[in-house]
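> After the sequence you'll find the predicted model.
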Amino acid sequence: MAKNKGDTGSIVTYDPYLQTSYAFSNNKIFPTELSKANKNSFFISYVKYKDITVGSVEIPISTEEDDTSNLITIKAYEQFNLDPATEYKIVYNEVPNISSETKIFNVFISDVLSTDKLYSLAIKKIPYIDYIVPAPLAFDALYKKNILSAQDTEAFIVIQEDDAFIAAYYNGEYIQSRPLRYSIKNISEKFATLSGDKLNDSAFLNILKHGTNTPDDKNKNFITEIFDEIAYYIGDIVNSLSRFNGSSISSIYIVADATMGNFAEFMQEKLNIPTKNLELNIAINSKEIEISNIHNIMVVNAQYYKETQENDFNFSNFLRPLPLFQRSSGKLVSYVLVGLLLGLLHPLYLYVSGIITDIDTADKKSEYEINNADKIRIEAALAAADQQISETSKLIEAEKERIDFRKNTISEIYDKKVNYPMKGIVLFELSNLINNKDIQTAKINNSDRNMTVTLVSKDEKKLTELIQNVSNSERYSILTREILLDKNYGAPSYETNVTIKIK
């Protein structure tokens with residue numbers, strides 16, 4: 001044990017009823033004395049079913065979350081006739097899927113003063129007890145640590161020297177428990193009544209360890225009768241638990257302080273439910289150490305608590321204080337220290353800030369000079385580009401004027417070379433048409449591709465024929481509004497103004 005004493009990760013289990021303790025470290029377990037245990041170890045203990053009040057309370061399903069705790073406490077005081085002058089620790093958990101109108105909570109109640117009394121000897125030897133688990137909830141950690149498979153509804157029958165109970169778990173969650181009247185002491189008294197002999201504890205346990213296979217026929221009959229009575233009694237309770245949960249108990253584990261021979265097999269045969277002794281081998285030296293199952297169960301609970309820090313069902317009144325800086329006084333000290341530190345750091349902060357500012361200013365100045373030089377260079381480049389654009393624009397304008405001049409000149413040349421000869425041809429052809437009809441030309445006006453001619457003839461018919469001939473030409477179109485009789489000439493004559501358009 002000396003080699004494990006300095007291990008701050010060790011777990012120390014303590015049974016306040018038998019005053020036994022064990023230290024678990026490095027996957028090994030050894031008996032130890034509390035006074036010699038490392039004070040940095042994790043200390044865990046338990047309270048028996050008989051030392052707590054276990055039951056259930058109902059509250060309306062509409063109860064607000066903030067009001068739940070107060071209402072459960074009030075209901076517990078009323079339902080279990082608790083003394084208002086006594087201090088109690090009340091913890092609870094909700095029973096799932098029972099009613100659609102109410103919520104049902106399992107409650108576990110301990111008398112704080114009674115708990116203090118139970119651990120009065122231990123507290124003289126160790127400063128703290130980190131966790132005290134109520135017996136009916138001790139099996140929860142076995143599921144959480146995957147030592148037992150969470151499936152269906154299972155029951156644990158616990159038989160101790162002066163206490164006994166049955167606890168039911170559904171899918172690894174506690175749902176309900178009931179006290180049993182068959183403790184080791186009660187069984188011993190029952191045996192004495194049947195046999196007529198009052199045996200000492202050692203003699204009775206020696207008979208009990210064989211179960212119904214004890215070699216003495218009389219004792220065998222007595223044990224068989226007692227086991228029968230227990231089986232009948234437990235059968236009624238199992239049926240009641242099954243009705244409460246709505247599902248049958250699928251298996252039963254036996255946890256007993258004493259060896260009871262074939263008790264598990266006997267219960268299985270009578271109840272027709274798979275039943276076996278709960279055997280936990282949590283240490284590599286388990287076969288070398290004689291240890292009760294309750295210590296093994298406490299080790300598993302301690303491991304689970306250290307992993308999760310779940311403190312909802314911790315009945316310990318002897319918790320070690322929080323680390324200094326998690327306490328109110330520690331927080332005050334930390335605030336004072338921070339204030340002093342800030343006060344001392346302020347001048348240093350100003351000095352360092354000044355140096356940083358100077359360095360930053362120098363960097364910014366250097367950066368400005370570089371950027372300003374770039375700015376001047378870019379502005380000069382832009383000015384040169386503007387000058388080049390201006391000169392290019394002037395050259396383009398001059399070239400445009402030269403091109404426009406050439407275009408106008410070419411247009412005039414084309415007009416003279418093409419349009420004028422064309423008009424000459426037109427006049428020639430029209431003259432032939434007019435002369436052939438013996439028609440005189442009084443006036444000619446020329447405008448681009450149109451010619452307006454004033455024609456005079458003594459014969460109106462000839463004028464009409466001329467107009468018809470010109471209009472039939474593919475090269476001309478002719479337009480006249482009227483033919484007038486004009487008497488101003490030597491003989492009566494007809495006059496008309498025709499407009500001839502070259503197509």
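Arrived safely. Only a predicted model underlies this, so the values are computations on that prediction, with no experimental measurement involved.
> contacts, neighbours, all on C-alpha from now
Noted.
> can you map out the helices along the stretch 51-200 of the chain?
65-79, 112-118, 120-123, 140-144, 184-195 (DSSP state H, counting those that start in this stretch).
> Of the ones you listed, give the one that comes closest to residue 396.
Nearest to residue 396 among these is helix 65-79; the distance by CA to CA comes to 87.9 Å.
> buried sites along that closest one?
For helix 65-79, the neighbour count (16 or more other CA atoms under 10 Å) marks 71, 72, 73, 75, 76 as buried.
> of these, closest to residue 379?
Nearest to residue 379 among those is residue 71, at 82.2 Å by CA to CA.
> Rounded mean pLDDT for stretch 464-477, please.
Averaged over stretch 464-477, pLDDT sits at 78.
> need the helices for the stretch 201-350 of the chain, in chain order.
With DSSP H, counting those that start in this stretch as the criterion, the stretch 201-350 of the chain has helices at 201-208, 217-245, 263-271, 293-308, 328-414.
> For those, give me a markdown table that also has mean pLDDT, distance to residue 152 and mean neighbour count.
Formatted as a markdown table, the helices of the stretch 201-350 of the chain follow (pLDDT from 0 to 100; distance: least, CA to CA, whole Å; neighbours: other CA atoms under 10 Å):
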| stretch | mean pLDDT | distance to residue 152 | mean neighbour count |
| --- | --- | --- | --- |
| helix 201-208 | 94 | 32 | 15 |
| helix 217-245 | 93 | 11 | 17 |
| helix 263-271 | 97 | 17 | 18 |
| helix 293-308 | 96 | 21 | 19 |
| helix 328-414 | 76 | 46 | 12 |
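> mind giving me JSON lines with the ones you listed and columns for distance to residue 161?
What follows is these, written out as JSON lines (distance: least, CA to CA, whole Å):
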{"stretch": "helix 201-208", "distance to residue 161": "10"}
{"stretch": "helix 217-245", "distance to residue 161": "16"}
{"stretch": "helix 263-271", "distance to residue 161": "16"}
{"stretch": "helix 293-308", "distance to residue 161": "13"}
{"stretch": "helix 328-414", "distance to residue 161": "44"}
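> so which of these comes closest to residue 87?
helix 328-414 (24.7 Å).
> just how off-centre is the closest one within its chain?
46 Å (CA atoms, centre = their mean, to the nearest Å).
> one step back: of all the helices of the stretch 201-350 of the chain, which one is nearest residue 12?
helix 293-308 (7.9 Å).
> If you count contacts, what does the closest one end up packed against?
With contacts taken as 3 or more CA pairs under 8 Å, 6 or more residues apart in numbering; DSSP states H and E, helix 293-308 sits against strand 11-15, strand 20-25, strand 42-47, helix 140-144.
> ok, 10 Å please
strand 11-15, strand 20-25, strand 28-31, strand 42-47, strand 131-134, helix 140-144, strand 249-256 (3 or more CA pairs under 10 Å, 6 or more residues apart in numbering; DSSP states H and E).
> This structure - how does it break down into domains?
Following automatic domain parsing, the chain resolves into domains at 1-147+288-320, 148-279, 332-434, 437-502.
> Ends of the shortest one, what's the gap?
Going back to what we said before, that points to domain 437-502. 21 Å (CA to CA, to the nearest Å).
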